[in-house]
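Colleague: could you work out the structure for the sequence below:
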Amino acid sequence: MNLRGCAVVLVVVALALVAATPLVSAQPAPRAHQRGVHALDTSGDHPLTTVASYTGQMDVAVVGVPVDGSASPAGTFNLSGMPTGAAIQAAWVVIIDYSGATDASLTFGGTSVGDAPPTYVDPGYPLEVWRFDVTSLVTGNGAYSFATVGPLQCYGVALVVVFSHTSLPIQQIVINMGAEDLENASSTTSFAGFTLPGAGRLIVFTGADDTSTDVGESLAFNGVTIPGVTFHENLGPVTSLITSSVTVQAGTNTATATTGDDQFGWALAIVAASAEPPIPAASHLGLALLAVAIAAFAVLLLVRRSSAA
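Modeller: Down below sits the predicted model:
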């Protein structure tokens, strides 16, 4: 066989090999992005929803523990700032995980709380968030240990405590939770039922955020961007716990988280605001007292005139 014949045979063999090779659709490789998290379902389609709301002489505290993507995290919540003798209305432990884990267990303060599937899931990567009720195990200020088994790539754990005391002002508190995986997207969560406009506080807890970029990052309340807020692991490695002063309107309020290339999971948002009606202006109060005094004086004159008659 001459060289031309050999070349023809080799071409035929190569074509046969190509034909026998199964076609595989190209899939994007996971990006080397913020400690292993990559985008699959990050369009802002799983907004947080309300799990509880309260009105009374009460307040809310959130203590976060940063976790840098490790499995089965453990640590301690250092809870402080509650008045002595405060009554615990509710308490939860919130866990953010990006591994696809289907079950987790929690031990809190040395007591087993049990095991459960994720409370919320944003499918895709996926993002899982657990909410464990520990109301009966929180007794006041102090250090509360926790240990988990099950989460494989955890990015933050938080303790949320709602408490009441007669020394506290009357407040409305609305607590939203969920699992919202975001990248190059926005998500808006709503807080309904506020009776009075006025000053308030917005608390947000996220996990897997980092400092690689802040392009396009913002947190807005009722459509107004809160100055200076970025999701830059302000609590510690890849975890943020943000508290901002906001102006609450009567009725429904909204919080919107927006991010560019920094992918993270949003698990918690809380709004607390005064529910006490404003004290009447001094001029109005003075007029009311003057009217009462005039009426009393008139009654006294009538009594004296009747006695003289």
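
Colleague: tally of neighbours for residue 252?
Modeller: By the measure other C-beta atoms under 10 Å, the count of residues near residue 252 is 12. C-beta: built from backbone N, CA, C; applies to glycine.

Colleague: which residues touch it?
Modeller: Residue 252 makes contacts with 190-194, as judged by C-beta atoms under 8 Å, 6 or more residues apart in numbering.

Colleague: cool, and residue 81?
Modeller: 61, 141.

Colleague: hmm, try it at 10 Å
Modeller: Counting by C-beta atoms under 10 Å, 6 or more residues apart in numbering, residue 81 touches 59, 61, 63, 141, 161, 163.

Colleague: can you pull out the low-pLDDT segments for the protein?
Modeller: Residues of the chain meeting the criterion pLDDT under 70: 1-42, 213-214, 278-293, 295-309.

Colleague: just curious, which of the contacts of residue 252 is nearest to residue 234?
Modeller: residue 191 (22.3 Å; C-beta to C-beta).

Colleague: in space, what's closest to the residue nearest in space to the middle of the chain - neighbours in sequence excluded?
Modeller: Central residue of the chain (C-alpha atoms, centre = their mean): residue 268, 1.6 Å from the mean position. Spatial nearest neighbour of residue 268, excluding adjacent residues (C-beta to C-beta, 6 or more residues apart in numbering): residue 205 at 3.8 Å.

Colleague: in its sheet, which strands sit next to the helix or strand where that neighbour lies, and in what direction?
Modeller: Element membership of residue 205 [criterion: DSSP states H and E] is strand 198-207. Paired neighbours of strand 198-207 in the sheet (DSSP bridges): strand 239-248 (antiparallel), strand 264-274 (antiparallel).

Colleague: mind giving me a markdown table with the contacts of residue 81 and columns for secondary structure, neighbour count and distance to residue 43?
Modeller: Formatted as a markdown table, the contacts of residue 81 follow (DSSP: H, G, I helix; E, B strand; the rest coil; neighbours: other C-beta atoms under 10 Å; distance: C-beta to C-beta, whole Å):
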| residue | secondary structure | neighbour count | distance to residue 43 |
| --- | --- | --- | --- |
| 59 | strand | 22 | 35 |
| 61 | strand | 19 | 33 |
| 63 | strand | 18 | 31 |
| 141 | coil | 17 | 41 |
| 161 | strand | 25 | 33 |
| 163 | strand | 23 | 37 |
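
Colleague: what is the nearest of those residues to residue 234?
Modeller: residue 63 (14.2 Å).

Colleague: for the closest one, list the residues it contacts.
Modeller: With C-beta under 10 Å, 6+ apart, residue 63 has these contacts: 76-81, 144, 157-161, 235, 241.

Colleague: just grab the bridge partners of it for me.
Modeller: residue 159.

Colleague: how much space between the residue nearest to residue 150 when sequence neighbours are not counted and residue 113?
Modeller: Distance criterion C-beta to C-beta, 6+ apart; nearest residue to residue 150, sequence neighbours excluded, is residue 104 at 3.3 Å. To residue 113, residue 104 is 10 Å away according to C-beta to C-beta, to the nearest Å.

Colleague: kindly report the same for residue 183.
Modeller: As judged by C-beta to C-beta, residue 183 and residue 113 stand 32 Å apart.

Colleague: of the two, who's got more company?
Modeller: A side-by-side neighbour count of residue 183 and residue 113, using other C-beta under 10 Å, places residue 183 first with 21 against 18.

Colleague: pretty sure that one sits against residue 259.
Modeller: Yes - Residue 183 lies in contact with residue 259 (C-beta atoms under 10 Å); the separation is 6.2 Å.

Colleague: host element of the closest residue to residue 164 other than its chain neighbours?
Modeller: Leaving out its chain neighbours, the residue that sits closest to residue 164 by C-beta to C-beta, 6+ apart is residue 58, at 4.0 Å. For residue 58, the host element (DSSP H and E) is strand 49-65.
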